[in-house]
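**Student:** can't give you the sequence, but here's the structure:
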């Protein structure tokens, strides 16, 4: 596996926060994915919810040390969800769980609403892991000794900041995968944005706000800057035609870059007709199981395991690799346990 596939780059982001149970609530997949990746590397147990209603249900069923709550979400936003959670805590005489608002908004009105809803702190979007860790430490009354700030890290980057992406996502390949998802999943949103005759509406403003935050998390520096310029131009009632054309051109550049920048995949051995060594496969699974319990990745063991990606275990091994790729160690343990049981029955 190439160096860009290593996850050691996350080591610089570790803090001295204790392992926490954290509920992450955001309707944007890339946001929950990134937060899960970063927080899992610090041995936190992360549970995800995609809207306020899911957050309330999950809060009722599980115990958490802190909740990271996006403010702007469909169905039930972060303000409503926080109010409901505080009501439940009061009714059941439960200790208040700190709730940190996730927001790209700098509006004092949003911060005031969040405080009135019972939220305890604020974290920036795009994600600044240092600021987030500091905020978690503050609301929990803890201290963080190590400070790492991830701003734009490559001053020469014009369209995609791969150094920032590496620090956030752990590998260039993972960053490119998430950018591809972002472009594909938001095609209609960008089409609406570029062809909307009236952009000075709350829906348009929220759309720009959301897209700007995701672009920042993905290291799409030029696109984020253009969306920020669009946001400011709308507020100041300025002409936005040139900015919209620039956004359209930037999306075309990003799509072109995605076709030329390929991910290095692990070298797969030539197909073999010989019988798979069950003993070797079992040992690799046990090694990965032990590392997953410590929220760590045994890179050599995973690479060797993927060499056995042939029937009848290809689906199992692919699922295990996906779990580790997402740094979802809890899921990896479940998948490994299932495969070990299959191997034991042979």
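**Tutor:** On my side now, so go ahead. Since we're looking at a predicted model, the values are computed, not measured.

**Student:** residue 164 reaches residue 220, doesn't it?
**Tutor:** No: assessed by C-beta atoms under 8 Å, residue 164 is found out of contact with residue 220, at 10.0 Å. Just so you know, the C-beta spots here come from the backbone N, C-alpha and C atoms, and that holds for glycine as well.

**Student:** of those two, who's got more company?
**Tutor:** Legend: neighbour count by other C-beta atoms under 10 Å for residue 164 and residue 220, higher for residue 220 (29 against 23).

**Student:** contacting residues for that one?
**Tutor:** Contacts for residue 220 (C-beta atoms under 8 Å, 6 or more residues apart in numbering) come out as 159-161, 179, 182, 254.

**Student:** repeat that for residue 336.
**Tutor:** 285, 288-289, 292, 320.

**Student:** pLDDT check: weakest of these?
**Tutor:** Note: of the contacts of residue 336, the lowest pLDDT belongs to residue 292, at 81.

**Student:** and the furthest pair within the contacts of residue 220?
**Tutor:** Greatest spatial distance in the contacts of residue 220: 161 and 182, 14.5 Å, computed using C-beta to C-beta.

**Student:** looking at those two, which one has more neighbours?
**Tutor:** residue 161 (26 against 21).

**Student:** was I right to think the more buried one contacts residue 222?
**Tutor:** No: between residue 161 and residue 222 there is no contact under C-beta under 8 Å: 9.5 Å.

**Student:** elements contacting the lengthiest helix in the chain?
**Tutor:** Using DSSP state H to define each element, the chain has its longest helix at helix 241-260. Judged by 3 or more C-beta pairs under 8 Å, 6 or more residues apart in numbering; DSSP states H and E, the packing partners of helix 241-260 are helix 172-185, helix 187-195, helix 221-235.

**Student:** of all these, which lies closest to residue 342?
**Tutor:** With C-beta to C-beta as the measure, helix 172-185 is the member of the helices and strands packed on helix 241-260 nearest residue 342 (28.6 Å).

**Student:** which parts of this structure are strands?
**Tutor:** With strands called from DSSP state E, the chain shows them at 21-25, 45-49, 66-70, 99-103, 121-124.

**Student:** elements contacting the second one?
**Tutor:** If I follow you right, that is strand 45-49. Secondary elements touching strand 45-49 (3+ C-beta pairs under 8 Å, 6+ apart): strand 21-25, helix 29-40, helix 52-61.

**Student:** would you format those as TSV with distance to residue 250 included?
**Tutor:** Shown next, in TSV, are the helices and strands packed on strand 45-49 (distance: least, C-beta to C-beta, whole Å):
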stretch	distance to residue 250
strand 21-25	29
helix 29-40	18
helix 52-61	32
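
**Student:** mind putting these in CSV, mean neighbour count included?
**Tutor:** Shown next, in CSV, are those (neighbours: other C-beta atoms under 10 Å):
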stretch, mean neighbour count
strand 21-25, 23
helix 29-40, 21
helix 52-61, 18
